[in-house]
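S.K.: Fold the following and give me the result.
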Amino acid sequence: MKKKLIEAGNLKSFICPDSDTFYVDNTIILTPGAKDELRKKKIKIVRVEDAAAAVAESGNAGCGNPDCTKEVCNGCEELVMGIAVLLKEEYGITDLAQLKEMSFKLADAVKGNI
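M.R.: Numbers count the residues shown, from 1 in each chain. As a prediction, this is how the structure comes out:
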């Protein structure tokens, strides 16, 4: 399984501004700089077996921030955004809540089958 290296410079792509917890599993490598940034932002680092499942179970999936795609897939925000663009452009779905819900469901399905 491919691991994600999360550094202070790319940390913003992986965290949600409304979350106080960052779930880490064995697919994520946090550099000391990233850990320092999380501590500065008062975000707890929690080690779990499956980060995406932990986020979903915590009730933070989607986190309530309508622009957030960060933690639901814990790093697959590019996939979620690509799906959202496809749904909007190819299928004419413009309702933001519906786009978000469908994009996350499809990304989870894709990620679960890779």
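
S.K.: quick one: stretch 7-24 to chain centroid distance?
M.R.: Offset of stretch 7-24 from its chain centre (CA atoms, centre = their mean, to the nearest Å): 8 Å.

S.K.: Can you point out the buried residues in it?
M.R.: 8, 11, 14-16, 19, 21-24 (16 or more other CB atoms under 10 Å). Bear in mind the C-beta positions are built from the backbone N, C-alpha and C, glycine included.

S.K.: Return the closest of the residues you listed with respect to Ile93.
M.R.: Cys16 (22.9 Å; CB to CB).

S.K.: just checking, the closest one is part of a strand?
M.R.: No. Checked against DSSP: H, G, I helix; E, B strand; the rest coil, Cys16 lies outside a strand; its state is coil.

S.K.: per-residue confidence for it?
M.R.: At Cys16, the model reports a pLDDT of 70.

S.K.: State the distance from it to Lys41.
M.R.: 11 Å (CB to CB, to the nearest Å).

S.K.: Give me the distance from the longest helix seen in the chain to the chain's centre.
M.R.: Using DSSP state H, we find that the single longest helix of the chain is helix 96-112. When distances are taken as CA atoms, centre = their mean, helix 96-112 is centred 12 Å away from the chain's centroid.

S.K.: what comes up buried for it?
M.R.: 99-100, 102-104, 106-108.

S.K.: Include distance to Glu37 and pLDDT when you put those into TSV, please.
M.R.: As requested, those are exported to TSV (distance: CB to CB, whole Å; pLDDT from 0 to 100):
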residue	distance to Glu37	pLDDT
Leu99	30	79
Lys100	26	77
Met102	32	85
Ser103	27	81
Phe104	25	78
Leu106	30	85
Ala107	25	79
Asp108	27	74
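
S.K.: ok, so of the residues you listed, who is nearest Pro32?
M.R.: Distances from Pro32 to the buried residues of helix 96-112, taken by CB to CB, are shortest for Ala107, at 29.7 Å.
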